[in-house]
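Asks: got a sequence here, can you model it:
(one chain, ligands or ions: 3)
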Amino acid sequence: MESILVNTVDDTYPVIVGSDALKELPNHLRGLSPSKILVITDTNVDKLYGHVLVDLIGGDWKTYKYVIKSGEAAKSFEMFYELHSYALKNELDRKSVIIAFGGGVVGDLSGFVAATYMRGIPFIQVPTTLLAHDSAVGGKVAINHPEGKNMIGAFYQPKAVVYDSNFLQSLPANEMRSGFAEVIKHALIRSESLYQFLFKEIRRLDDIKTEHLQRMILEGIQIKADVVSKDEKELGLRAILNFGHTLGHAIEAEAGYGKLSHGDSIAIGMLFATWLSNKTLDVSLPYHELKLWFKEIGFPVEVPASQSTDQLISRMKKDKKTTSNQLTMIVLKEIGVTTSAIFSEDELYSLLNEWRAEERSEKVD
Ligand SMILES: NC(=O)c1ccc[n+]([C@@H]2O[C@H](COP(=O)([O-])OP(=O)(O)OC[C@H]3O[C@@H](n4cnc5c(N)ncnc54)[C@H](O)[C@@H]3O)[C@@H](O)[C@H]2O)c1
Ligand SMILES: O=C(O)C(=O)C[C@@H](O)[C@H](O)[C@H](O)COP(=O)(O)O
Ligand SMILES: [Zn+2]
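Replies: Ligands and ions are numbered 1, 2, ... in the order given. Okay, the predicted model is just below:
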């Protein structure tokens, strides 16, 4: 078992990682002396593991459980309101603790409820997806708006993250792929050696060796923890964690929440950002190698044909990194080294169109 620390302005918290990490949860709860506990989970996780968590903590503390319908649609204002009503009905107070037990959807939603209930109560992340090696760490909590991803939210750090890799054994293939996109992101922005390792060893996701999985989770979390510890509220450096997300979020929202996974969407976004790096900086990143690898893994590698460049640019304009109509893209100077590039709406429109046209013509050739 490993413990990685995240240092924030107000606090330092551990990310406990490993098989059987879950047994550390009661210790962390004891440290918080909760008056009550609210476990928020989703229908799939509850079916598989609901009893495990309740058996572990239910004897020691008055515990409530709220099960949301699985899927991205739950990151909604309605569900946020519903959870607040449930917490009020059951008289949770300021010493109550929320446990987010699930993937990034449960984590983002529950974290935002914790951030806002009575102006903030403690919460612990117990992630159950590969993607959540990213989402559970760093305190970005949010719900979606039809206009855009994570538009209503906060920076609100958990008291601890307990990441038990045993949960990943039941994760469906498409969800492993979605999480793997964020692992690749962490490598591309911060670690050439992690990228080389992933590229060499991981050609398919249904037979990942345990030690390979452990390595990618640990290094991914270390990268995330390091960036967040240096820039908790995205005043500068943290924006690198958004590599692939400017286009990726636009694609995800345009498809309709839950239609295309977060990871699949940002995989397309990362390909565009890599192409854009080659096009606009004096660099030659292995774009074609990356694209072929993505295809082999099963990622979509193009923007859905039904989405127009117009629609996408209008969504990208609303990205949180945009200021005064200038769109910011995180690009790569080399693998493991990023910089940011600013574009006007028209410039980015032309570049996105050019990339899409090139991809179409390559398919025909
Ligand atoms: N806050 C952040 O920093 C951050 C970072 C990355 C992504 N995100 C957000 O995370 C969300 C995506 O998270 P996700 O990919 O974990 O999605 P998710 O929470 O929807 O989980 C994916 C699916 O897997 C199921 N599942 C979860 N754990 C399981 C398990 N152990 N076994 C079997 N099935 C299981 C879920 O029920 C769901 O159907 C998006 O909303 C994205 O915007 C947030
Ligand atoms: O932690 C961060 O910072 C990230 O950008 C991580 C991303 O993987 C994640 O999808 C995040 O929710 C995106 O944030 P947003 O600010 O673009 O909504
Ligand atoms: Zn992401």
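
Asks: so whichever residue of the stretch 51-200 of the chain sits closest to ligand 2, which state does it fall into?
Replies: Closest residue of the stretch 51-200 of the chain to ligand 2, Cβ to the nearest ligand atom: N150 (3.3 Å). All C-beta atoms are positioned from the backbone trio N, CA, C, and that covers glycine. Of the three states, N150 takes strand under DSSP: H, G, I helix; E, B strand; the rest coil.

Asks: could we number from 562 for the rest of this?
Replies: Got it, the first residue is 562 from now on, which makes the last one we talked about N711.

Asks: isn't it right up against S696?
Replies: No: at 10.5 Å, N711 and S696 do not qualify as touching, with contact defined as Cβ atoms under 8 Å.

Asks: now do the shared contacts for those two.
Replies: D669 (Cβ atoms under 8 Å, 6 or more residues apart in numbering).

Asks: neighbour count for these two, which is higher?
Replies: More crowded of N711 and S696, by other Cβ atoms under 10 Å: S696, with 24 against 18.

Asks: that one and E652: what is the separation?
Replies: 29 Å (Cβ to Cβ, to the nearest Å).

Asks: helices and strands of the chain: which one has the lowest mean pLDDT?
Replies: Lowest by mean pLDDT, DSSP states H and E among the helices and strands of the chain is helix 906-925, with a mean of 94.

Asks: from the contact counts, what lies against it?
Replies: helix 823-841, helix 870-877, strand 888-895 (3 or more Cβ pairs under 8 Å, 6 or more residues apart in numbering; DSSP states H and E).

Asks: who touches it?
Replies: So helix 906-925 is contacted by 808, 833, 836-837, 840-841, 862-864, 870-871, 873-874, 877-878, 886, 888, 890, 904 (Cβ under 8 Å, 6+ apart).

Asks: hmm, try it at 7 Å
Replies: The contact list for helix 906-925 (Cβ atoms under 7 Å, 6 or more residues apart in numbering) reads 833, 836-837, 840, 863-864, 870, 873-874, 877-878, 886, 888.

Asks: which ones are touching the closest residue to ligand 2 within the stretch 712-861 of the chain?
Replies: Per Cβ to the nearest ligand atom, L802 is where the stretch 712-861 of the chain lies closest to ligand 2, at 3.6 Å. The contact partners of L802, taken as Cβ under 7 Å, 6+ apart, are 785, 788.

Asks: let's see it at 8 Å
Replies: By Cβ under 8 Å, 6+ apart, the neighbours of L802 are 695, 699, 746, 750, 785, 788.

Asks: quick one: A866 from E743, how far?
Replies: 25 Å.
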